[in-house]
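**Q** sequence first, predicted model second:
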Amino acid sequence: MKFPDIKTNLPGPNAAALIGVDRNHVSPSYTRIYPLVAEKAEGLWIHDPDGNTFLDFTAGIAVCATGHCHPYVVNAIKEQANKLLHMSGTDFYYTSQITLAEKLAHLAPGDGSNKVYFGNSGAEAVEAAFKLARWYTKRELNLAFFGAFHGRTMGALSLTASKTIQKKHYNPLIPGITHIPYAYCYRCQYNMSYPECGIECVRWVEDTLFRTTVPPEEVAAIFVEPIQGEGGYIVPPPEFHRELQKIAKKYEILYVADEVQSGMGRTGKMFAMEHFGVVPDIMALAKGIASGMPLGAMVARSDIMVWEAGSHASTFGGNPVSCSAALATIELLEAELMANAKIRGEYLMTELRELQKSMECMGDVRGKGLMVGVELVKDRDTKERATDWRNEVIQKAFQKGLLLLGCGENTIRFSPALTVTVEEIDACLSIFEESLREVAG
Ligand SMILES: Cc1ncc(COP(=O)(O)O)c(C=O)c1O
């Protein structure tokens, strides 16, 4: 089995020198939690400038769906770069954007009568969804969830309710957004248990919110992550989205699925909403869509995307190279990687649940496909959040060459490339277990 290869103290001398320059010239708003300098990479393996090799279970924050520098994607990028780098889809036409729009329109849940708006990032896809929902409904209010992360531009940030640091000093944000509790069954806001709860978190929206403070006929959209990502890799119960969408439909409120992190095959289906049997009205996509090239897409039903020419656009959105990378990525996802995500994800969850039997601190193991979270607690009964342990485990794993990231307050996320093999999962689990035992064993 191949393991990471760490030859120097971390960071090594070359990485340390680069980080020194970075400190002087790069925005301090970034949150680097350990000093990884990525020099080159292939698949799940990253090499730093000191000759160290790391095993990447972050996929560049759930982006490199096909693994780092998949040759098929790199080739598509090279071919497109040789033909056309840019011509702005806002003002002109070009093949790769049109072909990708047609592909996404048919891939999206529903009958294929969809249209696509292109941006460069997740935040831009959400921003576009926000604007379209207002444009179409002519309504001013919106619902979003506590724990949600939708991006950092002012509109997307207004929908986000993940960490206060992301909002501090940026108020006033966009008014009219009400945040409500997500179906976080491990820590139910209503102190109830599934399934006896009868999905109280959904009922509460109609029984309390819509009767007391938020007139439903003024609500444009409900923005929701099918599986909450940055909030802690939280999988809601099977009927959550269906029941919530029923209420949305009753009041002609749009159901907007933010699939930026959960989409593009990561959960074993192309879009995570498919696990819940729900067809959203609007979908936001980014991250894994182009294997690392910057691209965001907002997909909406054709009868909803009726805004007029000039009402929204982006110079770089849907860049020809990014679109070609996305088309190559989708081919790989459909051919085998989505199926791999399902099988390997089940294996990863089974092994983590096995480990959970002997590790009291693993309070909850949850996920779908390769979107897997382990919530660490000090005590299984009180569920006291073990944020310090979570952070220490991630640091220990890094020193041993395994790249992990956190999400939520005390959860470790496993979001490897969809190409991950059993051997790579075994190597990850072995380092994870060793790190966990050192910290909380
Ligand atoms: C669900 C979700 N939506 C939106 C975003 C924002 O994407 P970006 O950072 O590309 O703007 C993210 C990023 O983590 C996300 O996870």
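**A** Here it is on my side, so go on.
**Q** which residues of the stretch 1-150 of the chain lie near the ligand?
**A** 121-123, 126, 149-150 (CB under 6 Å from any ligand atom). Any C-beta I mention is one placed from the backbone N, CA and C, and that applies to glycine too.
**Q** pick out the residue in the stretch 301-441 of the chain sitting closest to the ligand.
**A** Nearest residue of the stretch 301-441 of the chain to the ligand: residue 407, at 9.0 Å (CB to the nearest ligand atom).
**Q** run through who's touching the strand or helix carrying residue 396.
**A** Here residue 396 sits within helix 387-399, counting by DSSP states H and E. With CB atoms under 8 Å, 6 or more residues apart in numbering as the test, helix 387-399 has contacts from 6, 10, 33-34, 36, 54, 361, 376, 378, 403-406, 409-412, 431-432, 434-436, 438-440.
**Q** distance check, the residue in the stretch 1-150 of the chain that the ligand sits nearest to against residue 229.
**A** Nearest residue of the stretch 1-150 of the chain to the ligand: residue 122, at 2.2 Å (CB to the nearest ligand atom). With distances taken as CB to CB, to the nearest Å, residue 122 is found 10 Å from residue 229.
**Q** overlap in contacts of the two?
**A** Listed as contacting both residue 122 and residue 229 by CB under 8 Å, 6+ apart are 260-261.
**Q** skipping adjacent residues, who's closest to residue 274 in space?
**A** Nearest residue to residue 274, sequence neighbours excluded (CB to CB, 6 or more residues apart in numbering): residue 109, at 5.9 Å.
**Q** right, and the one you found touches residue 271 too?
**A** Yes. Between residue 109 and residue 271 a contact is recorded at 6.3 Å, counting by CB atoms under 8 Å.
**Q** ok, these two, which is more surrounded?
**A** Between residue 109 and residue 271, counted using other CB atoms under 10 Å, the more crowded position is residue 271 (25 against 18).
**Q** who's in contact with the more buried one?
**A** Applying CB under 8 Å, 6+ apart, the residues contacting residue 271 are 107-109, 226, 257, 259, 262-264, 283.
**Q** in stretch 209-221, what's buried?
**A** The neighbour-count check on stretch 209-221 (16 or more other CB atoms under 10 Å) flags 209-210, 214, 216, 219-221 as buried.
**Q** ugh, typo on my part, it should be stretch 145-162
**A** Buried residues in stretch 145-162, counted by 16+ other CB under 10 Å: 145, 147-151, 153, 155-162.
**Q** same thing with stretch 296-313?
**A** For stretch 296-313, by 16+ other CB under 10 Å, it's 296-301, 304-305, 307, 312.
**Q** ok, stretch 161-169 next?
**A** 161-162.
**Q** hmm, that stretch in reach of the ligand?
**A** No. Stretch 161-169 stays clear of the ligand (CB under 6 Å from any ligand atom), getting no nearer than 9.2 Å.
**Q** where's the closest residue to residue 12 other than its chain neighbours relative to residue 41, distance?
**A** Distances taken as CB to CB, 6+ apart place residue 50 nearest to residue 12, at 2.8 Å, with adjacent residues excluded. To residue 41, residue 50 is 15 Å away according to CB to CB.
**Q** over to residue 271?
**A** When residue 271 is compared with residue 41 (using CB to CB), they lie 27 Å apart.
**Q** could you count how many residues lie near residue 63?
**A** If we define neighbours as other CB under 10 Å, then residue 63 has 22 of them.
**Q** that one touches residue 292, doesn't it?
**A** Yes. In this structure, residue 63 is within contact of residue 292 by CB under 8 Å, at 5.5 Å.
**Q** the strands in the stretch 301-441 of the chain, which residues?
**A** 362-368, 371-376, 402-403, 405-407, 411-414 (DSSP state E, counting those that start in this stretch).
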